[in-house]
Structures are given as C-alpha cells and as structure tokens.
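# Structure for the following, please:
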Amino acid sequence: MKKVLISDEMSDRAVQRLQAEREISVDYRPGLTKEDLKRIIPEYAALVVRSQTKVTAEVMEAAASLQVIGRAGTGVDNVDLEAATRRGIVVMNVPGGNTVSAAEHTLAMLLAMARGVPAADRSMRSGRWERGRFVGSELEGKVLGVLGMGKVGREVAHRARSFGMEVIGYDPFVSAEDLQRSQTSFVPLDQIFRRADFITVHTPLTAQTRYLVGEKEIASCKPGVRIVNCARGGIVDEAALAKYLKSGHVAGAALDVYEEEPPKELPFREMDNVVLTPHLAASTAEAQEKVAVIIAEQVCEYLREGIARNAVNVTPMDPKVRERVAPYLALAEKLGRFQAQMVEGHLREVTVEYSGEIPSEATPALTVAILKGYFERFLSGPVNAVNAAYIARERGIRLNEIKTTEPQDYINLITAVFDSDAKRQAIAGTVFGRNLPRIVRLDGFRFDAVPEGELLLVSNDDRPGIVGMVGSLLGDNQVNIAYMSLGRDRIGGQAIAVINIDSPLPEPVAAELRAQPGILWVKTASL
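Modelled structure (predicted):
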C-alpha cells in the first residue's frame, strides 16, 4: 500500500479520486508546519500540494520513500526542483488547468487599472463623490505587449483583441507553426517596451526571466505605460516599478504576485494608481476543482503505472510515441547496464547515435534510459529517468546525441559509445519485430545476442575447436547454455562468443576458461 500525503487545502473530489485507488492510502493534513512535514514525510510515496507548502531540499532529505510530488497548479516555485531531481523525485504540475482563470483575472486587473476602479470604490465608501478625479483610459486602439505567449498569454491576447486592442507579443520559444497561426505580431523584446501602452507578463520565473521588466526596461517604455503582472513575483522589479510610478513615467500598475509572498514591505500600498490582489489569478472555484482533480489522477497514474504526465523534471513524450518505443526503452537500459560491467576506468563521455526510424521525440528518454542502466550498477541511491542525466552532469560526464534517418544495416539501431580514461567501447542494439531486442555489435564484432539474464562473453583466436572446448568446459561444470551467438572481425582473426547461461558463472570456471589456449579474454554481465 503506497501512502499519499495532501498537505494543502484540496477539493473533496480530488481526495476521493486518490482514495478510490486500491493500492493507495491517503492522509489529508493541510496546514502542517515545516517541522511536522519533515517528521512524517519519510513514510509517504507521494506528496500533493498547492502553493502553501514549501517543499524544500531539507524536506526532501527526510523523504526516504518519496517518489512523486504533485502540484495542483501551474507553477512549481514552492518546490526545490534541483533537490527533487537530484533525489530522483518526479515533480508534476497541471499546466493548463487554470489558463482561463488566469487570463480572465489579467483582463480584470487591466480594466480595473485603466479605469481606476479600486480607488474610485474606496472614494465612494468614504462618502466622497469625485467624478472629476477618476478619468480613465480606453483599451480600444491601444497597444498591448504580451511577454510570454504560452497558454495564458495566448488567451489574454485573444480577449484583448475583442476590446479592439492591437496585440504584440514576445516569446523566444514560440514555434514557427504558432507564429503562422497566431493573430499576434511577434516582435523583439525591446520593441515591446518601446511600443506598448499596456504590458502584461506571462512567463515562468527563471534565472533568465527574473527582472525581465527591470530598471532599464521600464525606463525605455513610452511615458504613461501601464504594467500588469499576474504571472510570478520577481519578473517585474518592484523597486524600479515603484520609482517610475512615483515619477509618473508609469501611469499605473496591477499586481497579483510579489517578490515575497505574503509581502512584508510593499511600496505600492498607498498608491491609488496601483491595483493589488493576493495571488488570485488561479483562484476560481472552477480552476481550483479542475487542477486538484487532474493532479490527483496524475499522481495515481504515476504510482500505478510509472507514467509521469506533465512532469517538469522528466523529458516529456507523447503517450503514443512512448508505447511505440517501449521495447527500445527496455533495450536502452540494458545497453547501459551492459556497459557498466564492461567499461574500464573513469567515464568521461557518452555518445548515443540513433539511426533509422526511431522518433526524435523519444531520443532524450532513450539516452536517459542508457544512463539509468549504467549508474544503477554503481550507486546505492535511487537512479531513474528524473536524475540519471543530472548524475552524469554532476560527475562531469559529457553527453552527446546523434540522430540520422539513414538505416545502418538495421531498420532501427541504437549505438552507445562510452569513452573512459582507459578505453573506448561501443555497443549497439536493435529490436526485431514488435518486441525482440538484440545486442548486435560490440566494438568491431557483429553478432545477435539476447540481452537477458546472465551473459558470458568469450573472445578467442578464430580457429577450429575453441567453441566446442568452451561448451564442453561449461557442461563439465554444470553451467547450462540457453543461447549462443558468434561473431568475428575476419577469418582467422579474433572471434567472440556471447553466451546466455542459466546461472551466474562461478569465478573458478571463469579462471579455467581464461587459462585455455587461444582464449584472449573472458567477461560476464548480468542483465
């Protein structure tokens, strides 16, 4: 029975969805202190949170059994992603669950700011009638600059056009297809600041986007610009924004998110031209229900089947592609496991070449599977699709991928080249039919070996009698041969036998084999 902890407020439907799983038990304990969370987390396989719980590296150090963290929402800034990745913990979110809510709140903030609605409301409540004081700005005909044209940014642009606004967008990651489909004019970043009457932010908070709207950028804006941030605190430099609001260069601002939440010091509290809300963009009943139920389903799916849907620290793959390449994923892991038992010295570089019809979308996951198989032989901690590439980078191992559609003797082929300070070794494998994996090359040798169970590899001079001698010696020592594949570099040169045996080869038998005339080396591998 796998245990799931829900440590933030969650809808009843989400809790019930988790409770409906046979092999899952659920504890619903919102409001835990950091110390309480650290104390109880070791017994849980999954943790489900919203934005309140801070899943720090310290918490994850205590999480001995934790496999997955589910964030019921878009961002994951309350989760230490590096610490999770290092420990092999999948972190998943619900990227599209609150898109409409966030877009609608952005427009609400933009309208409230343009018309001074909150300040006018406060004036009325205090008994004043100040019609002349609150002169707003129309949206029609104005230029809206959208920083980040993801799901929310596109929804905001769509709604803004209905007000008659001209929309210009900036997004360095937008695809050519999106460019063609979009009714938005994509422009360089500096043009957003120079041309826009209103600027709205819809990017994640990363090292690259911190202070994306900073001192220099705000100074370059046209006088009277208005700025909205309903994305993440820290994308807009609050100190710089306050400075230009006071000077009048910025006519207004609307903020739903802050550099510190909840903010202790906020320079905008007394400014009537600033609209403030407490991180409400996703806070509609519909969005909260939707993201909670979806994250519950995703966590169940991962614990039940190992499928990491919407994982932010695992290479994504379309489910149909994953089903198609599942035999190659299993083969790739075995190639890595094989190399771990063959390669000598300190590993410096891994180059994986994919040829034939293997989908490009699948190659990152296949490379990770090779690394997983390799590192599992050496590390006592968890090694999985989350942290295998991280472990390689941490150890200074260079990773290279080469993809070619040209078949190399086989319809599909995976070749993994491991370079160490002692030697360079290449192994290649393919899948015949629907699910018949084979190892087909080792350096200069070609053969057809089944990557299962215990393997015995014997290299010898290519001359008559040696294969028979090997078979007899194994039989005399009660070692049964299940399958054998032979290869050689040339007639009379060097040959290899890859033998599947039913049980591990005893070391005295391996030593006896090595001592035979014509035997060059003997190695074993367990797959």
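# Contact partners for the residue nearest the centre of the chain?
Residue closest to the mean C-alpha point of the chain, counted by CA atoms, centre = their mean, is Asn313 at 2.5 Å. Residues near Asn313 by CB atoms under 8 Å, 6 or more residues apart in numbering: Leu81, Ala84, Thr85, Val90, Val91, Val386. (Each C-beta comes from the backbone N, C-alpha and C, glycine too.)
# at 6 Å what do you get?
Counting by CB atoms under 6 Å, 6 or more residues apart in numbering, Asn313 touches Leu81, Thr85, Val91, Val386.
# Look up the closest residue to it, ignoring the ones flanking it.
Thr85 (4.7 Å; CB to CB, 6 or more residues apart in numbering).
# Check which residues of the helix or strand that contains the one you found are buried.
Assigned by DSSP states H and E, Thr85 belongs to helix 81-86. By 16 or more other CB atoms under 10 Å, the buried positions in helix 81-86 come out as Ala83, Ala84, Thr85, Arg86.
# Contacts for it, please.
Residues from elsewhere that reach helix 81-86 (CB under 6 Å, 6+ apart): Ala57, Met60, Val91, Asn313, Val386, Asn387, Tyr390.
# And the furthest pair within those residues?
Maximum pairwise distance in the contacts of helix 81-86, criterion CB to CB, is 15.0 Å, between Ala57 and Val386.
# So if I had to pick from the two, which one is more boxed in?
For Ala57 versus Val386, neighbours defined as other CB atoms under 10 Å are more numerous around Val386 (25 against 12).
# so that one makes contact with Val91?
No: using CB atoms under 6 Å, Val386 is not in contact with Val91, being 8.2 Å away.
# The helix holding Thr85: how far from the chain's middle?
Distance, stretch centre to chain centre, for helix 81-86: 11 Å (CA atoms, centre = their mean, to the nearest Å).
# Tell me the first helix or strand C-terminal of that helix.
Later in the chain than helix 81-86, the nearest helix or strand by DSSP H and E is strand 90-92.
# Which SSE is immediately downstream of that next one?
Taking DSSP H and E, what comes next after strand 90-92 is helix 99-115.
# mind listing what's buried in that next one?
Those would be 99-110, 112-115, for helix 99-115 by 16+ other CB under 10 Å.
# So which elements touch the helix or strand that that helix is followed by?
For helix 99-115, the following helix or strand on the C-terminal side (DSSP H and E) is helix 117-125. Counting contacts by 3 or more CB pairs under 6 Å, 6 or more residues apart in numbering; DSSP states H and E, helix 117-125 packs against no other helix or strand.
# which residues are contacting helix 117-125?
Here helix 117-125 has contacts from Ala112, Glu130, Phe134, Asp272, Val275, using CB under 6 Å, 6+ apart.
# can you do 8 Å?
Leu111, Ala112, Glu130, Arg133, Phe134, Asp272, Asn273, Val275.
# what about the second one, distance to Tyr374?
With the distance defined as CB to CB, to the nearest Å, Ala112 ends up 56 Å from Tyr374.
# Looking at stretch 364-374 now, give me its mean pLDDT.
Averaging pLDDT along stretch 364-374 yields 94.
# likewise stretch 97-105?
93.
# same deal with stretch 475-482?
If you average the pLDDT over stretch 475-482, you get 95.
# buried stuff in that stretch?
Quick answer for stretch 475-482 (16+ other CB under 10 Å): Val479.
# Which strand residues bridge the closest residue to Phe268 other than its chain neighbours?
Distances taken as CB to CB, 6+ apart put Val274 closest to Phe268, at 4.2 Å, once the chain neighbours are dropped. Per DSSP bridges, the residues bridged to Val274 are Ala253.
# Quick one: neighbours of Val274, just the number.
Look at Val274: counted by other CB under 10 Å, it has 22 neighbours.
# Is it in contact with Asp256, as I believe?
No: contact criterion CB atoms under 8 Å: Val274 and Asp256 do not qualify, at 11.7 Å.
# list the residues that contact both of the two?
Residues touching both Val274 and Asp256 by CB under 8 Å, 6+ apart: none at all.
# any idea how far the residue nearest to Asn313 is from Tyr170?
Computed as CB to CB, the Thr85 to Tyr170 distance reads 29 Å.
# Now tell me what touches stretch 484-503 from outside.
Contacts to stretch 484-503, defined as CB under 8 Å, 6+ apart, come from residues 439, 442, 444-450, 452-463, 466-467, 470, 474, 479-483, 520.
# Could you tell me which of those belong to strands?
439, 442, 445-449, 454-461, 481-483, 520 (DSSP state E).
# For the host helix or strand of Glu286, what is the distance to the chain centroid?
Element membership for Glu286 (DSSP H and E) is helix 285-305. Helix 285-305 sits 18 Å away from the centroid of its parent chain (CA atoms, centre = their mean).
# excluding its backbone neighbours, what's nearest Ala239?
Using CB to CB, 6+ apart and skipping residues adjacent in sequence, the residue nearest Ala239 is Pro267, 7.3 Å away.
# SS state for that neighbour?
Using DSSP: H, G, I helix; E, B strand; the rest coil, the structure places Pro267 in coil.
# Can you give me every residue that contacts it?
Contact analysis of Pro267 by CB under 8 Å, 6+ apart lists Glu238, Ala239, Ala242.
# go again using 10 Å as the cut-off
Pro267 makes contact with Glu238, Ala239, Leu241, Ala242, Lys243, Leu245, Lys246, Val274, according to CB atoms under 10 Å, 6 or more residues apart in numbering.
# For Arg226, see how far away it is.
Taking CB to CB as the measure, Pro267 falls 17 Å from Arg226.
# Can you get me a residue count around Thr33?
Applying other CB under 10 Å, we find 8 residues neighbouring Thr33.
# Hmm, Arg39 and it touching each other?
Yes: counting by CB atoms under 10 Å, Arg39 is a contact partner of Thr33 at 9.2 Å.
# Show me the contacts of Pro267 that map onto helices.
Counting by DSSP state H, the part of these found in helices is Glu238, Ala239, Leu241, Ala242, Lys243, Leu245, Lys246.
# I'd like the mean pLDDT over the host helix or strand of Val15, please.
Assigned by DSSP H and E, Val15 belongs to helix 12-19. The predicted model gives helix 12-19 an average pLDDT of 93.
# can you check stretch 388-405 too?
For stretch 388-405, mean pLDDT is 90.
# buried set for the top helix by length along the chain?
Counting residues, the longest helix found in the chain (DSSP H) is helix 319-342. Neighbour-count burial for helix 319-342, with 16+ other CB under 10 Å as criterion, is recorded at 322, 324-325, 327-329, 331-340, 342.
# orientation of it relative to strand 445-449 in degrees?
120 degrees (axes from the mean of the first three to the mean of the last three CA atoms, to 10 degrees).
# what's the offset of helix 319-342 from the middle of its chain?
19 Å.
# Can you work out which other helices and strands pack against that helix?
strand 347-356, helix 363-375, strand 412-420, strand 424-432, strand 436-442, strand 454-461, strand 519-526 (3 or more CB pairs under 10 Å, 6 or more residues apart in numbering; DSSP states H and E).
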